[in-house]
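K.L.:
3D, please:
(one chain, ligands or ions: 1)
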Amino acid sequence: MENTLDRMRAAVLAERIPDANVRRRRLDALRRMVKENRGEIARAIDADFGGRPGQETELLEVVPLLGAIRHAGTHVARWMRDERRAPSLAFRGGRAWVRHEPLGVVGVVSPWNFPLYLCLGPLVDALAAGNRAMIKPSELTPRFSELLAELVGKTFEPEEVAVITGDVDVARAFTALPFDHLVFTGSTAVGRQVMRAAAENLTPVTLELGGKSPAIVTNGYPLDAAARAIAQGKFLNAGQICIAPDYALVPAGQEEALARAVLAAAEASYPAASAARDYASVITARHRTRLEDAIAEAEEAGARVLRAQGEWGGRMPPTVVLGAPEQGVLMTEEIFGPVLPIVPYGDLGDALAIVNRRDRPLALYAFAKDRTTQRRILDGAISGGVTLNGTITHIAQENLPFGGVGASGMGAYHGRDGFRRLSHARAVFRPGPIDAFALLRPPFGRFAEFAI
Ligand code: NAD
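P.N.:
Here you go, the predicted structure:
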């Protein structure tokens, strides 16, 4: 690892600022790598998950990644342009501008839930910004990680992009390297450790973490439509999505109806004949046990647990929980699985209070017909990003920053925001013919008006 980083650092100094053509060439190589191997990539992820539909990998990983590469390739030359700024009043006649320069070597640490998109999404922004990168994929997707290492090895020079595979010890050593920037995607708990390790080197971090993203259904919004959107966002990848709706808030008295509608939506999306093909597995037996234990804990405390009917082929069925205790695992930890607690609220203020007394979530979903209510929710509850009257899709907007706030992370990326995040905004000033600063040279006795 250290050798690879040393070689990259030397290459950074030799190259300094790659022009737009070089960056586009790297992005294009990445595009071809993904396009030509998309089938093999989907099969590796399917095997790592013990069952993950190829369509999910295609729709949720390959397509958005190719979109991000195309978007960066189209706009990078414009993003790179120096930005002129007005000089301060006293320095009129001079010139001030910002250069967006590469940072150098960016480290990327990724989780297992979207291994392709979360390893290579940050890479797109890193390459667009003219950086080199080292990527550490998750140890829980070993087949994918080996394939990625092999493909990247064939596509890039070792001092352009490198993949480091290995377990948590390797991850720890990786995050202790003196990168110029570290992009970490994963849990909040590990995010804290990563930031601590990076602090030793004063390496700036972008932390893309998790949290409990609420879905607020408001009075008067069609329950079926909200249920379909919530079920889609919750049960894709079997709920193992950082921005999956974690729990749903619904006006008191409607929780039963919402539960039935969510289960009906799940049953419609995963009919018996295709459920085992279209529905993902929970990644490991350990993760599954954690979820089952959390459900059992809620049930023992009096909660009602409803499971979607169907042929789940041994996979964990879409599950809804009514009356989950406030202090139990389901309502205190990020669920990250196909389990949806439904929580009743009195008035909208109560719903916002339920959101705000928890850590700041990565996403927030609000189902509200009128703009006033939408605005009240946007103003009243804090989150990383928002989709109104839907779920998930704010992440797919190439022109929007993606990231968390508070415990759900810091620093957003994607598109131009990602380019900026992984660039150094370098200030340059060149005085004009009359240099105000030079006029102020001592001895100060000349400036009676400044005497104090
Ligand atoms: P994780 O935090 O357990 O692991 C993520 C990565 O960190 C892995 O590559 C792992 O090898 C590495 N790692 C583990 N321990 C480490 C340590 N002590 N020091 C340095 N690196 C270490 O997360 P996970 O279980 O793989 O993923 C699930 C979590 O990721 C959820 O909380 C989810 O919300 C979050 N997530 C966030 C986003 C986002 O964009 N914000 C996207 C996907 C997942």
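
K.L.:
CA atoms for contacts and neighbours, from now on please.
P.N.:
Noted.

K.L.:
For this structure, what lies in contact range of the ligand?
P.N.:
Proximity of the chain to the ligand, by Cα under 6 Å from any ligand atom, involves residues 109-112, 137-139, 167-168, 171-172, 175, 185-187, 190, 193-194, 208-211, 241-242.

K.L.:
Any of the residues you listed buried? List them.
P.N.:
109-112, 137-139, 171, 175, 185-187, 194, 208-211, 241-242 (16 or more other Cα atoms under 10 Å).

K.L.:
before we move on, back to that, the residues of the chain next to the ligand in strands, which ones?
P.N.:
By the criterion of DSSP state E, membership of the residues of the chain next to the ligand in strands covers 109, 185, 208.

K.L.:
Okay, now the unreliable bits of the chain?
P.N.:
Applying pLDDT under 70 to the chain flags the ranges 450-452.

K.L.:
For the residue nearest the centre of it, list each beta-bridge partner.
P.N.:
When Cα atoms, centre = their mean is applied to the chain, the residue found nearest the centroid is residue 208 (5.0 Å). In this entry, residue 208 is beta-bridged to residue 185, residue 409, by DSSP bridges.

K.L.:
okay but it is in contact with residue 404, surely?
P.N.:
Yes - counting by Cα atoms under 8 Å, residue 208 does reach residue 404; the two are 6.4 Å apart.

K.L.:
okay, and the common contacts of the two?
P.N.:
When contacts are counted by Cα atoms under 8 Å, 6 or more residues apart in numbering, the set common to residue 208 and residue 404 consists of 410, 411, 412.

K.L.:
so who does the first one touch?
P.N.:
Yep, that's residue 410 we're talking about. So residue 410 contacts 205, 206, 207, 208, 403, 404 (Cα under 8 Å, 6+ apart).

K.L.:
one more time with 7 Å, if that's ok
P.N.:
Residue 410 makes contacts with 206, 207, 208, 403, 404, as judged by Cα atoms under 7 Å, 6 or more residues apart in numbering.

K.L.:
repeat for the second one
P.N.:
With contacts taken as Cα under 7 Å, 6+ apart, residue 411 has the following neighbours: 206, 207, 403.

K.L.:
Could you identify which of the residues you listed has the most neighbours?
P.N.:
residue 207 (28 neighbours; other Cα atoms under 10 Å).

K.L.:
That residue and residue 185 touch, don't they?
P.N.:
Yes - in this structure, residue 207 is within contact of residue 185 by Cα atoms under 7 Å, at 6.0 Å.

K.L.:
Give me the distance between residue 424 and residue 303.
P.N.:
From residue 424 across to residue 303, the span is 52 Å (Cα to Cα, to the nearest Å).

K.L.:
Likewise for residue 290?
P.N.:
Going from residue 290 to residue 303 by Cα to Cα gives 17 Å.

K.L.:
quick one: which of those two has more around it?
P.N.:
Between residue 290 and residue 303, counting by other Cα under 10 Å, residue 303 is the more crowded of the two (17 against 14).

K.L.:
Residue 133: what secondary structure?
P.N.:
Here residue 133 is recorded as strand under DSSP: H, G, I helix; E, B strand; the rest coil.

K.L.:
repeat for residue 309
P.N.:
Under three-state DSSP, residue 309 comes out as coil.

K.L.:
show me the contacts for it.
P.N.:
residue 267.

K.L.:
Now the phi/psi pair for it, please.
P.N.:
phi -80, psi 150 (degrees, to the nearest 10).

K.L.:
Around residue 218, count how many other residues there are.
P.N.:
23.

K.L.:
For the residue in the stretch 201-350 of the chain positioned nearest to the ligand, give me phi and psi.
P.N.:
For the stretch 201-350 of the chain, the residue closest to the ligand is residue 210, as judged by Cα to the nearest ligand atom, at 3.1 Å. Dihedral pair for residue 210: phi -110, psi -160, per degrees, to the nearest 10.

K.L.:
How about residue 423?
P.N.:
phi -120, psi 160.

K.L.:
Provide a complete list of residue ranges assigned to strands in the stretch 51-200 of the chain.
P.N.:
83-85, 95-102, 105-109, 132-136, 161-163, 181-185 (DSSP state E, counting those that start in this stretch).

K.L.:
quick one, the last one and strand 132-136 angle?
P.N.:
Here strand 181-185 runs at 30 degrees with respect to strand 132-136, directions being taken by axes from the mean of the first three to the mean of the last three Cα atoms, to 10 degrees.

K.L.:
Quick one: residues in contact with strand 181-185.
P.N.:
Outside strand 181-185, the residues touching it (Cα under 7 Å, 6+ apart) are 105-111, 203-209.

K.L.:
mind running it again at 8 Å?
P.N.:
Residues from elsewhere that reach strand 181-185 (Cα under 8 Å, 6+ apart): 103, 105-111, 118, 122, 175, 191, 194, 198, 203-209, 422.

K.L.:
same check, this time on stretch 428-445
P.N.:
For stretch 428-445, using Cα under 8 Å, 6+ apart, the contacting residues are 90, 91, 92, 93, 94, 95, 96, 97, 98, 99.

K.L.:
what's the answer for stretch 13-27, then?
P.N.:
By Cα under 8 Å, 6+ apart, stretch 13-27 touches 69, 73, 76-77, 80, 101-102, 124, 127-130, 156.

K.L.:
Equivalent analysis for stretch 375-391, please.
P.N.:
Contacts of stretch 375-391 (Cα under 8 Å, 6+ apart): 213, 226, 229-230, 232-233, 244-245, 352-353, 355-356, 360-369, 374, 393-394, 402-405, 408.

K.L.:
Okay, domains of this protein per the record?
P.N.:
When the chain is parsed with the TED database, its domains come out as 1-210, 214-396.

K.L.:
for the longest one, the distance to its chain's centre please.
P.N.:
Yep, that's domain 1-210 we're talking about. 13 Å (Cα atoms, centre = their mean, to the nearest Å).

K.L.:
measure that domain end to end?
P.N.:
Using Cα to Cα, one end of domain 1-210 lies 28 Å from the other.

K.L.:
for the last one, same thing?
P.N.:
Using Cα to Cα, the span of domain 214-396 from its first residue to its last is 19 Å.

K.L.:
Could you do stretch 362-370 as well?
P.N.:
24 Å.

K.L.:
next one: stretch 334-345
P.N.:
Stretch 334-345 has its terminal residues 20 Å apart, counting by Cα to Cα.

K.L.:
now swap in stretch 132-143 and tell me
P.N.:
Across stretch 132-143, first to last residue, Cα to Cα, it's 24 Å.

K.L.:
do stretch 417-428 as well
P.N.:
Terminal residues of stretch 417-428 lie 21 Å apart, using Cα to Cα.
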